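Q: please find the sequence and the predicted model below.
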There are 2 protein chains.
Amino acid sequence: MEVTRKNFKESLNTIYTAIEEADFLAIDGEFSGISDGPSVSALTNGLDTPEERYHKLKKHSMDFLLFQFGLCTFKYEQSESKYVMKSFNFYIFPKPFSRSSPDIKFVCQSSSIDFLASQGFDFNKVFCNGIPYLNQEEEGQLREQLEDKRFQSNGAQSFISPSSCKGPVSVPEEHKDFINEVLDKVEDLLNNSDKIGEFLRYILISKVDDEERKRREQEKQEKEQEELNDAVGFSRVIHAISQSAKLVIGHNMLLDVMHTIHQFYCPLPEDLNDFKEVTMCVFPRLLDTKLMASTQPFKELISNTSLAELERQLKEAPFKPPKVESADGFPRYDTASEQLHEAGYDAYITGLCFISMANYLGTDLVPPAVPSTVKLFLMRIIDIPYLNISGPDLQPKRDNVLYVTFPKEWKTSDLYQLFSAFGNIQVFWIDDTSAFVSLSQTDQVQIAVNTSRYAESYRIQTYAEYMESRLEEKQNCRRFTECGWLKSPYSTSAVVSVYASHSSYCKNCILHSLYVYNHG
Amino acid sequence: MEVTRKNFKESLNTIYTAIEEADFLAIDGEFSGISDGPSVSALTNGLDTPEERYHKLKKHSMDFLLFQFGLCTFKYEQSESKYVMKSFNFYIFPKPFSRSSPDIKFVCQSSSIDFLASQGFDFNKVFCNGIPYLNQEEEGQLREQLEDKRFQSNGAQSFISPSSCKGPVSVPEEHKDFINEVLDKVEDLLNNSDKIGEFLRYILISKVDDEERKRREQEKQEKEQEELNDAVGFSRVIHAISQSAKLVIGHNMLLDVMHTIHQFYCPLPEDLNDFKEVTMCVFPRLLDTKLMASTQPFKELISNTSLAELERQLKEAPFKPPKVESADGFPRYDTASEQLHEAGYDAYITGLCFISMANYLGTDLVPPAVPSTVKLFLMRIIDIPYLNISGPDLQPKRDNVLYVTFPKEWKTSDLYQLFSAFGNIQVFWIDDTSAFVSLSQTDQVQIAVNTSRYAESYRIQTYAEYMESRLEEKQNCRRFTECGWLKSPYSTSAVVSVYASHSSYCKNCILHSLYVYNHG
């Protein structure tokens, strides 16, 4: 089901019901770009630490816009041993709510736009009919403005008829004659409506009693509340997913999760651990099908874990195609002909992949059992397959890894040359003048470091030495910017308001977050 | 005429002819955003210097994409006393030419996108079928790559048949037996084509004589040249406009000119004077209809100089609607019903405005006489109506202006309060803690400065003092970054290549620019 600004409001109950009744949800996002960095290789070093990867993605990907969001809900029908699914394809665009609302700027990457265009993506639908949204801070500000306005208008004179002016308004002495004259004319006018043409052609005058005034005020408040809800827009769907605390499936979903939090909750925190905490608040149960397919027992059975390939392989032996049907009134997707990269469709086949793999594991438990930890696939890090959202990350020793610095003229072949005595090596470029080199034998690491001691053009350190010096650098840097907090892209109050708004579905969060941000 | 990637090549001759035969050209651009700054007021202070305004526009507007370009050519038909016009509406998008070509990122501003969407702008046409382009540096690099490739392939062995291997390739001793065996088999194969199935299923082998080789090489080079031309794409239209040296009309065209140079020639220079020089090279004759309409004698006759209003007013007395017809095969625009903000249409009515005003001036000279200086309208600067591209800018004395700094809590009302003794004032905010204040009487400036001498919360300087201290700051800053040139966004070689490419139509340019950038 396609959802745009035009049918969003009338679809909301259908969406809420689908989330409510589902056994699990699958999501997918389409973005206006992937990476704003200098090059992909600089962005994804195979020996990144999870912190580094998080910072790179935060820095180089969050200025793009998530402009299509797919949600597919899956509900198991015990009686018929099948899943019933409801698929939603949301178009999203930050149309400014009013003249004073933030005018969002977002980046487009021409290769991504060109790719989506080649897949028939409808940009006009996004830009003309995309559903607006607000993050928690913007929503809070708008709510505050509304309350201020109400407070003012409750005490204001605009609803008190001029003739009842006694207490609150004091008319300056020099204007009293004029005001009295006007009041007389108005009274006269109201009593002799045939005179209206003579006096005031363009002013509508009506006497309003107290009850009528209250009714009008209430109507106005309801209208303002509705406008606020309209402005919060698509964020309401994300809030509903979050509040349901249901299992949320995605394929290679780290960027989807980061964008969703960044766009609909709050700017991403500086620290990876804070990000993990926010994520656990917003999506307490996540499962990444790319990680699942890359892990035992599927690792041996599946040669290619890209979504389209995975879906194809999971329909064939030893797997079985899952029994899934569209709910009444929802369009069917045909996996044989359908276009990939429509977010709703991608979410749907992500769900199919999950069901196939869960069935293979013999969990005829329904809904399928899922591990209690939350792990997201990490692209192209050779020894850390996932980001552990629910706890500390893997810390591979990397004691066969060297950190090498050299003149910027060096190429990969120079490194192969340098280490030619040490058998097979792997090179991971960091920048123009440094790289990690992993040796096949750990016991050769010290030999390599020793032989470099007197070299002039290059320098070799162990991975452990390198990490230690980086840590020191970081600490010095912190000492230097004494009040680093002020440089954070979001203010304390914004963070607290974000956490506060989570408190209803994550009770530990607000206390802890207040602790972190007041003492951290 | 709508021009996209699909009909660009077949339309090029029509476009070139239209430019060639025209008496003048009108242009207009549509962008993915206008201003990336904190707020419009911070961007356009009414007392900006031309340098400041240029830097603000450069910093806050050049990351947007010019994605629609309107060109309307006007030719006077003496015999029928009318203009014949040809209008082109180009869709433009930086589709990456190859995997190694730059992957352009551009910013979109949601208010601008929303506005264009509301006007029926077709984003799908831009993103799916936009014409690609290269700037001069990119074009140069691609040309170089091509030449390198040709040079290598001329010296390479791939076109020399294996049996003629004598001089250049020396086969190592240990491989000679193997190579000879292969050569024998290939000879055998070529002599007995029915054996092909037995030997080499997937390799195409053919004996190529010298003439055939040359023919193929030439074909290949022609194809490569065509691919290069395709990649240069829309920039070829801008080059043609530039080389024609014809009068180019625009309405409020400073941003159009800046974007055009930035996108199709080179990143904008740091210095305003360098920008003026590049502009004079690219567009030696420019005329801004908004400036013309804001100047005598039109100033008194025209109340609103926005394009749509101007066009409306110039159809009525004392003006006369110009006689303009579409050329055969070109669609007609109906000014009564047509949508504004399609670049081709906006260019068209800009041309109409120019003709009406020129006719009013009584210049029945055809083409209309235009001043020899090049001036572009400057938005919202109270005493500098235009940027003088062809010479030094106006330097209003501003001796009734004060520079005031104060605590960030101050509002405009605090400034009115402070200067209440000095009659009418105008306030021009610079940032949270400073503003210009212009007094109605110049002789009160010194009094205001004197009264502030012992003030603690605020400080008042004359405009002249302020400008002097800014100049000093700037010079200190230059001394500090000893080699500021290295920090420039473009390298010397790029600039020189840009200027070099202009040299054909601006002979003084290359010498001067080399001087500036080597000695400056």
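A: Thanks, I have the structure now. Numbers count the residues shown, from 1 in each chain, chains lettered A, B, ... in the order given.

Q: longest helix of chain A?
A: helix A:210-232 (DSSP state H).

Q: next SSE after that one?
A: Toward the C-terminus, helix A:210-232 is succeeded by helix A:235-244 as the next helix or strand (DSSP states H and E).

Q: tell me the secondary structure at the residue nearest to the spatial centre of chain A.
A: In chain A, the residue lying closest to the centroid (CA atoms, centre = their mean) is residue A:260, at 1.3 Å. Three-state call for residue A:260 (DSSP: H, G, I helix; E, B strand; the rest coil): helix.

Q: quick one: contacts for the nearest residue to residue A:9 once chain neighbours are set aside?
A: Nearest non-adjacent residue to residue A:9, counting by CB to CB, 6 or more residues apart in numbering or on different chains: residue A:230, 7.3 Å away. Every residue, glycine included, has its C-beta placed from N, CA and C. Contact partners of residue A:230, counting by CB atoms under 8 Å, 6 or more residues apart in numbering or on different chains, are A:9, A:97, A:132.

Q: show me the contacts for residue A:383.
A: Taking CB under 8 Å, 6+ apart as the definition, contacts of residue A:383 comprise A:47, A:394, A:396, A:398.

Q: ok, residues contacting stretch A:71-86?
A: Stretch A:71-86 is touched from outside by A:1, A:14-15, A:18-19, A:21-27, A:87-88, A:90, A:237, A:241, A:322-327, A:330, A:344, A:347-348, A:350-351, A:355, A:366-367, with contacts defined as CB under 8 Å, 6+ apart.

Q: compute the first-to-last residue distance for that stretch.
A: Terminal residues of stretch A:71-86 lie 8 Å apart, using CA to CA, to the nearest Å.

Q: phi, psi for residue A:429 please.
A: phi -70, psi 140 (degrees, to the nearest 10).

Q: what bridges to it?
A: On the basis of DSSP bridges, residue A:429 is bridged to residue A:435.

Q: who wins for neighbours among the contacts of residue A:230?
A: residue A:132 (22 neighbours; other CB atoms under 10 Å in any protein chain shown).

Q: backbone phi and psi for that residue, please?
A: When read as degrees, to the nearest 10, the backbone of residue A:132 gives phi -70, psi 170.

Q: any idea how far chain B is from it?
A: Distance, residue A:132 to chain B, using CB to the nearest CB, to the nearest Å: 9 Å.

Q: would you map the helices across the stretch 251-400 of chain A?
A: Remark: helices assigned in the stretch 251-400 of chain A by DSSP state H, counting those that start in this stretch are A:254-264, A:272-282, A:289-293, A:307-313, A:343-360.

Q: the last one vs helix A:254-264, what angle?
A: This points to helix A:343-360. 130 degrees (axes from the mean of the first three to the mean of the last three CA atoms, to 10 degrees).

Q: quick one: residues contacting residue A:17.
A: Contacts of residue A:17 (CB under 8 Å, 6+ apart): none.

Q: so it versus chain B, what's the distance?
A: Residue A:17 is 31 Å from chain B, by CB to the nearest CB.

Q: what about that residue, which helix or strand?
A: Element membership of residue A:17 [criterion: DSSP H and E] is helix A:8-21.

Q: swap in residue A:84?
A: Element membership of residue A:84 [criterion: DSSP H and E] is strand A:82-91.

Q: quick one: strands adjacent to that strand?
A: According to DSSP bridges, strand A:82-91 has the following sheet partners: strand A:2-3 (parallel), strand A:66-77 (antiparallel), strand A:324-326 (parallel).

Q: gap between it and the chain center?
A: Computed by CA atoms, centre = their mean, to the nearest Å, the chain-centroid distance of strand A:82-91 equals 20 Å.

Q: same question, stretch A:310-321
A: 31 Å.

Q: what's the first-to-last distance across that stretch?
A: Across stretch A:310-321, the terminal residues are separated by 12 Å (CA to CA).

Q: what lies in contact with that stretch?
A: A:251, A:289-290, A:293, A:301-304, A:335, A:349, A:352-353, A:356-357, A:359-360.

Q: if we can go back for a sec, looking at the contacts of residue A:383, spot the one nearest chain B.
A: Chain B has its nearest neighbour among the contacts of residue A:383 in residue A:47, at 24.7 Å by CB to the nearest CB.

Q: doesn't residue A:382 make contact with the closest one?
A: Yes. Residue A:47 is within contact range of residue A:382, at 6.9 Å (criterion: CB atoms under 8 Å).

Q: more neighbours: these two, which one.
A: residue A:47 (21 against 14).

Q: might you report the residue contacts of residue A:415?
A: Residue A:415 is in contact with A:404, A:406, A:425, A:427, A:435, A:437, counting by CB under 8 Å, 6+ apart.

Q: from these, which two are the most distant?
A: Greatest spacing in the contacts of residue A:415, by CB to CB: A:406 and A:425 (14.3 Å).

Q: tell me the mean pLDDT over stretch A:406-426?
A: The average pLDDT for stretch A:406-426 rounds to 91.

Q: cool, and stretch A:16-24?
A: What stretch A:16-24 shows for mean pLDDT is 97.

Q: can you pull the buried residues of it?
A: In terms of neighbour count (16 or more other CB atoms under 10 Å in any protein chain shown), stretch A:16-24 has its buried residues at A:18-19, A:22, A:24.

Q: and if you look at stretch A:105-115?
A: Under 16+ other CB under 10 Å, the buried positions of stretch A:105-115 are A:105-114.

Q: that stretch and chain B in contact?
A: Yes. Looking at stretch A:105-115 against chain B by CB under 8 Å from any CB of the partner chain, the contacts come from A:105-111, A:113-114.
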